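# Sequence and predicted structure below; questions after.
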Amino acid sequence: MKRLSVLAVVAMVFAISSVASAQEEMKLDDWQAQMTSLTAQRDSLKNVLSGLNTDIANLKNELASLDQQYQSEMQKYMGMLGTTQEAMKAYGLTLQNLTGQIDNYMKMSDQDLCAHRADVEALGAQIDSVKANRLALAAEFSDQVQNLVNDYAQLKSRLANCASANTYTVGTWARNRDCLWNISKKKTIYNDPWKWPKIYVANRDKIKNPDLIYPKEVLTIPENAPLSKQEKAAARAYYAKKARMSNASAQPSK
């Protein structure tokens, strides 16, 4: 009886040991399966990376080849235009500068534009110069040059109306401080107070005394230019009269 009990215990221990061993084998198999899967994934990624590196190397070689072709064609292009890359860069900057100036004038009112007539007309020579340059035919610049020419033509058309359209309506002294001196000093007129005789002479039918102008009077503003002989004579006569009046008032009364 005692022997049977011992045998039963031994059998139980053996069974338990067999189960534990089987569980360990199952865990080991799972680990080996996982390692096999990860190794396969790693090797696959390595192959993909190797392929990408090969593609990158091929693309770099292709890019270098295309860059050489581009430089070669660019040299031919420069030769046809008879220029250099530095000259093209300088020409582009000139166009950019002219475009900025033209845009500013295009935004001005007619009155302000007429006050800058001399400056606008001075741009004509520069427009003609860039238009005559062979680079004006280049694809990079042709549209920009044509836009400059068109916009400048519009400015010239507006300037043609300056003589009839350039007027100034006198404001009040309290609010506007309007007198011939101050009107002439305005940036939109002459930006020079000493040119007041131009306004005086052009409006002799309205202005009898240069010191007296009245609100709501519409004055003709002549083109901005140096004083004419007639305008200088009118200024001399005015200052001479002021001097005589000053001397007369300084004389002691008898």
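It's in.
# Pull the residues that contact stretch 90-100.
Stretch 90-100 has contacts (CB atoms under 8 Å, 6 or more residues apart in numbering) with 83, 123, 126-127, 130, 133, 135, 140-141, 144-145, 147-148. (C-beta placed from N, C-alpha, C; glycine too.)
# Give the rounded mean pLDDT of that stretch.
The average pLDDT within stretch 90-100 is 95.
# At which residues are the helices of the stretch 51-200 of the chain located?
Secondary structure of the stretch 51-200 of the chain (DSSP state H, counting those that start in this stretch): helices at 85-106, 110-115, 117-132, 142-159, 162-165, 173-176, 180-185, 196-202.
# elements contacting the third one?
Under the contact criterion of 3 or more CB pairs under 8 Å, 6 or more residues apart in numbering; DSSP states H and E, helix 117-132 touches helix 85-106, helix 142-159.
# Please produce a markdown table containing the ones you listed, extended by mean neighbour count and distance to Ser65.
Shown next, in a markdown table, are those (neighbours: other CB atoms under 10 Å; distance: least, CB to CB, whole Å):
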| stretch | mean neighbour count | distance to Ser65 |
| --- | --- | --- |
| helix 85-106 | 14 | 21 |
| helix 142-159 | 15 | 30 |
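# Nearest to Lys46, out of the ones you listed?
Checking the helices and strands packed on helix 117-132 against Lys46 by CB to CB gives helix 85-106 as the closest, at 45.1 Å.
# Would you format the helices and strands packed on helix 117-132 as TSV with distance to Arg175 included?
Output for the helices and strands packed on helix 117-132, formatted as TSV (distance: least, CB to CB, whole Å):
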stretch	distance to Arg175
helix 85-106	29
helix 142-159	29
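# hang on, the earlier thing: and of the contacts of stretch 90-100, the nearest to Glu62?
Looking across these and measuring by CB to CB, the closest to Glu62 is Glu140, at 25.6 Å.
# can I assume the closest one is in contact with Met88?
Yes. Counting by CB atoms under 8 Å, Glu140 touches Met88, with 7.4 Å between them.
# Could I get the phi/psi values of Thr172?
Backbone geometry at Thr172, expressed as degrees, to the nearest 10, gives phi -90, psi 160.
# Please work out how many residues are found near it.
Applying other CB atoms under 10 Å, we find 11 residues neighbouring Thr172.
# now Lys107
If you count neighbours by other CB under 10 Å, Lys107 ends up with 9.
# how far away is it from Glu217?
Per CB to CB, to the nearest Å, Lys107 is found 29 Å from Glu217.
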